[in-house]
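*Asks:* Quick one, structure for this:
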Amino acid sequence: MGMKSLRTGLLLLRNPCLWVAPLICAIFGYLQISSAFGESGAFLSEKIGFIWLLAIPFFLAATYGCVKNDDYSICSYLKMGASGYFRVLIPGVLLFLVAVILIVLAFVPLMSGGGELLPFIIIVVMFVPFVLLTFFYDTAAIFEDKKVFESIKRSLELNGIKTAEVISFYAVALLLLIIIGFGLMILWSGLLTDQLLPLVDMTETELNQIATDPEAFMGIIGDYGILMTSFIYALGIFVSVLVLLPYKAAFYRDVLLNAVPVEIGSAGGIEGVGMGEYDEKGRWYKYS
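*Replies:* This is a model prediction of the structure:
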């Protein structure tokens with residue numbers, strides 16, 4: 001199921017408007033990483049990241065809206081982006097705040113003298129499931145016109161209704177990210193071979209020091225290395241968003257849209273609650 005949706009999503013890329021979101025994300029990514037290595041450092045990088053977070057809901061809503069309506073014109077793109085902006089932004093902000101709280105709570109044991117591995121275990125146990133369970137809130141908001149808390153609830157619900165299909169989606173997405181990441185690491189290492197060569201002769205202590213000191217690493221790779229690192233980072237974002245965004249939209253439209261729980265009937269049998277349809281306001285009507 002995941003591979004079928006991936007093929008469908010890739011075919012959607014023949015529509016030029018679906019390349020806009022990846023391009024915008026790549027530009028923001030390049031500016032963020034290059035500014036982090038520049039004189040302004042983290043200050044400007046954080047500002048760019050904040051603007052990025054405010055801008056991306058427009059392009060997500062626009063992309064999902066075009067796939068939903070099967071209309072890939074520039075007018076439809078702009079219209080769907082404007083109409084769905086806050087339906088993606090507001091729950092996204094709420095989920096971001098919850099994620100920050102979870103991360104802070106995860107590092108409380110470390111600040112109180114606990115084990116160094118404990119925070120990462122807590123993140124895996126709490127943060128990762130949180131992200132996966134709420135991952136489809138934005139598609140629910142656009143494809144089913146859900147409001148703030150309804151879109152989050154719908155994402156949680158879909159993970160229970162279509163568990164096998166969702167696991168298949170995540171497995172394919174993870175495989176894609178591994179392939180993209182591995183390929184980019186090879187490309188990055190090839191472009192910076194001369195700059196990274198001094199690391200071979202360093203001791204373990206020196207390598208650990210460089211790993212915790214970004215300025216020292218920047219001094220080793222130089223301006224060329226910073227430029228190539230920023231480019232590879234932006235390229236990775238571009239390819240990832242280009243592939244995963246239409247994949248997610250196609251998967252939601254073809255697999256998750258209109259999915260409803262199966263209820264147990266009074267006689268002990270299973271009632272097909274899925275036999276019905278949504279109206280234009282997102283209300284479910286069961287066939288008699």
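*Asks:* Would you map the strands across this structure?
*Replies:* Counting by DSSP state E, the chain has strands at residues 263-264, 270-271, 276-278, 284-286.
*Asks:* show me the contacts for residue 31.
*Replies:* With contact taken as Cβ atoms under 8 Å, 6 or more residues apart in numbering, residue 31 is in contact with residue 48. C-beta here means a position set from N, CA and C on the backbone, and glycine is covered the same way.
*Asks:* can you tell me how far it sits from residue 217?
*Replies:* From residue 31 over to residue 217 the distance is 20 Å, taken as Cβ to Cβ, to the nearest Å.
*Asks:* one step back: could you tell me the least trusted of the strands of the chain?
*Replies:* Mean pLDDT values for the strands of the chain show the minimum at strand 270-271, a mean of 47.
*Asks:* Please report how far the nearest residue to residue 211 once chain neighbours are set aside lies from residue 156.
*Replies:* Take residue 211 and drop its neighbours on the chain: the residue closest to it by Cβ to Cβ, 6 or more residues apart in numbering is residue 217, 7.8 Å away. Distance of residue 217 to residue 156, computed by Cβ to Cβ: 41 Å.
*Asks:* ok, now which ones touch residue 141?
*Replies:* Residue 141 neighbours (Cβ under 8 Å, 6+ apart): 61, 84, 87-88, 91, 147, 151.
*Asks:* Mind picking the lowest-pLDDT entry from the residues you listed?
*Replies:* Lowest confidence among those: residue 147, with 89.
*Asks:* for that one, phi and psi?
*Replies:* phi -80, psi -170 (degrees, to the nearest 10).
*Asks:* That one contacts residue 87, doesn't it?
*Replies:* Yes: judged on Cβ atoms under 8 Å, residue 147 makes contact with residue 87 at a distance of 7.1 Å.
*Asks:* Give me the more crowded residue out of those two.
*Replies:* Higher neighbour count among residue 147 and residue 87: residue 87, with 22 against 14, using other Cβ atoms under 10 Å.
*Asks:* Any idea how many residues pack against the nearest residue to residue 177 once chain neighbours are set aside?
*Replies:* Leaving aside its chain neighbours, residue 177 sits nearest to residue 240 (6.5 Å; criterion: Cβ to Cβ, 6+ apart). Neighbour count for residue 240, taken as other Cβ under 10 Å: 20.
*Asks:* quick one: residue 240 and residue 180 touch, right?
*Replies:* Yes: when contacts are counted by Cβ under 8 Å, residue 240 is listed as touching residue 180 (5.7 Å).
*Asks:* Tell me the confidence at residue 202?
*Replies:* 78.
*Asks:* Ok, the one 3 residues further on next?
*Replies:* Looking at residue 205, its pLDDT is 80.
*Asks:* Quick check: the gap between it and residue 214.
*Replies:* Distance, residue 205 to residue 214, by Cβ to Cβ: 18 Å.
*Asks:* repeat for residue 22
*Replies:* Look at residue 22 and residue 214: by Cβ to Cβ, they are 27 Å apart.
*Asks:* what stretches of the stretch 1-150 of the chain score poorly on pLDDT?
*Replies:* Within the stretch 1-150 of the chain, the ranges that satisfy pLDDT under 70 run 1, 38-41, 109-119.
*Asks:* cutoff 90 now
*Replies:* Scanning the stretch 1-150 of the chain for pLDDT under 90 picks out 1-3, 32-49, 98-131, 147-149.
*Asks:* Who's the closest spatial neighbour of residue 67, skipping the chain neighbours?
*Replies:* Leaving aside its sequence neighbours, residue 67 sits nearest to residue 249 (Cβ to Cβ, 6+ apart; 4.1 Å).
*Asks:* Do I have it right that that neighbour meets residue 139?
*Replies:* Yes: Residue 249 lies in contact with residue 139 (Cβ under 8 Å); the separation is 6.6 Å.
*Asks:* so what sits against both of those two?
*Replies:* Common neighbours of residue 249 and residue 139, counting by Cβ under 8 Å, 6+ apart, are residue 64.
*Asks:* before we move on, back to that, between residue 22 and residue 214, which one's more packed in?
*Replies:* Set residue 22 next to residue 214 and count neighbours by other Cβ under 10 Å: residue 22 wins out with 22 against 13.
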